[in-house]
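>>> sharing a sequence plus its predicted fold:
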Amino acid sequence: MQAEVVAILQAVFDALADGKAEVWERSFADDAVIIDEFGRMQSKAEAVKDMRPLPAGFSGKIEVRTPRVRLYGDTATIDCELYERETVFGQELTVRYVNSAALVKQTGAWKIALLHAVTLPTPPPSLTVRGLRLEDYPGTYRYGPERAFTVTLADGKLAYRTRPERAPIALQPVARDVFMDGGDEKNLLLFRRDAAGRVDELIERRKFNDLHMKRGQ
């Protein structure tokens, strides 16, 4: 049973590159719901209608890894990692997802009733930012009583702590005044400057929201 469920899921992802809508048509229940890595929700009919082969210059494959299948009568669930390798005009991209699916048995065959994928944050490639003045950023940035981010500079690298007892989290430069944190969520941290050019604010951009913090004197 596990091998059958994994094979169904793998076939669904194999069909994406070539736009084989017929594979999705036969693999999903008619009332299935598909939620992609961007949070977009589609019905089976919508997903099948939107399927297209990858355009010229693009190629890729998604591999189902570490699957765990559970059986509950005529319902099965699977959680796994999806490992995607994509080539875009010669550039190699790798993306990992956490995926889950629920399948139901209909007329003796397993059909996917729910498919849900979430992008797994992974360390991005490092960038060299010219003219970056790391000494501009260390300080304490407060957003509430006894709540602050403390940014430090050591050995030419920036890091921050949310509490003194916690381990520091590295900051990776993206552009002048823009960094990505090395934590699990890979949030963006943006330093803002006053009219004189002094850094006076830190913004943590997470889950499409901004948390503002003022720099202490």
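Perfect, I can see it now. Numbering: from 1, shown residues only.

>>> in the chain, which ranges drop under the pLDDT threshold?
Flagging of the chain using pLDDT under 70 yields the residue ranges 217.

>>> do that again at 80, thanks
1, 217 (pLDDT under 80).

>>> OK, contacts around residue 5?
67, 69, 76, 78, 103, 110 (C-beta atoms under 8 Å, 6 or more residues apart in numbering). All C-beta spots, glycine's among them, are computed from the backbone N, C-alpha and C.

>>> can you give me the strands in this protein?
28-35, 41-43, 58-72, 75-88, 91-106, 109-119, 139-144, 147-154, 157-161, 169-175, 178-181, 188-193, 199-206, 209-215 (DSSP state E).

>>> before we move on, back to that, dump the contacts of residue 5 to a markdown table, plus neighbour count and distance to residue 57.
Listed next are these as a markdown table, based on neighbours: other C-beta atoms under 10 Å; distance: C-beta to C-beta, whole Å:
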| residue | neighbour count | distance to residue 57 |
| --- | --- | --- |
| 67 | 17 | 31 |
| 69 | 18 | 36 |
| 76 | 22 | 38 |
| 78 | 21 | 32 |
| 103 | 27 | 35 |
| 110 | 20 | 35 |
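
>>> which two of those lie the greatest distance from each other?
Distances among the contacts of residue 5 were taken as C-beta to C-beta; the most separated pair is 67 and 110, at 13.8 Å.

>>> quick check: the gap between the residue nearest the centre of the chain and residue 209.
Using C-alpha atoms, centre = their mean, the residue of the chain that lies closest to the mean C-alpha position is residue 119, 2.9 Å off. Remark: distance between residue 119 and residue 209 (C-beta to C-beta, to the nearest Å) = 18 Å.

>>> the spatially closest residue to residue 27 that is not a sequence neighbour: neighbour count?
With C-beta to C-beta, 6 or more residues apart in numbering as the criterion, residue 27 has its nearest non-adjacent residue at 5.3 Å, and that residue is residue 12. Neighbourhood size, residue 12 [other C-beta atoms under 10 Å]: 21.

>>> what residues are up against residue 12?
Residue 12 neighbours (C-beta under 8 Å, 6+ apart): 23-24, 27-28, 112, 115.

>>> now the residues you listed in CSV, with distance to residue 39?
CSV is the format used below for the contacts of residue 12 (distance: C-beta to C-beta, whole Å):
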residue, distance to residue 39
23, 24
24, 20
27, 22
28, 19
112, 19
115, 13
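
>>> just put those residues in TSV and tack on distance to residue 174 and neighbour count.
Shown next, in TSV, are those (distance: C-beta to C-beta, whole Å; neighbours: other C-beta atoms under 10 Å):
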residue	distance to residue 174	neighbour count
23	39	19
24	37	22
27	39	20
28	39	24
112	37	23
115	32	25
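
>>> per the record, what domains does the protein have?
Domain ranges of the chain: 2-119, 134-215, per automatic domain parsing.

>>> any idea which of those domains gets closest to residue 125?
Per C-beta to C-beta, nearest to residue 125 of the domains of the chain: domain 134-215, 9.5 Å.

>>> next, format the contacts of residue 5 as TSV and append distance to residue 216.
Converted to TSV, those look like this (distance: C-beta to C-beta, whole Å):
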residue	distance to residue 216
67	50
69	53
76	55
78	50
103	54
110	59
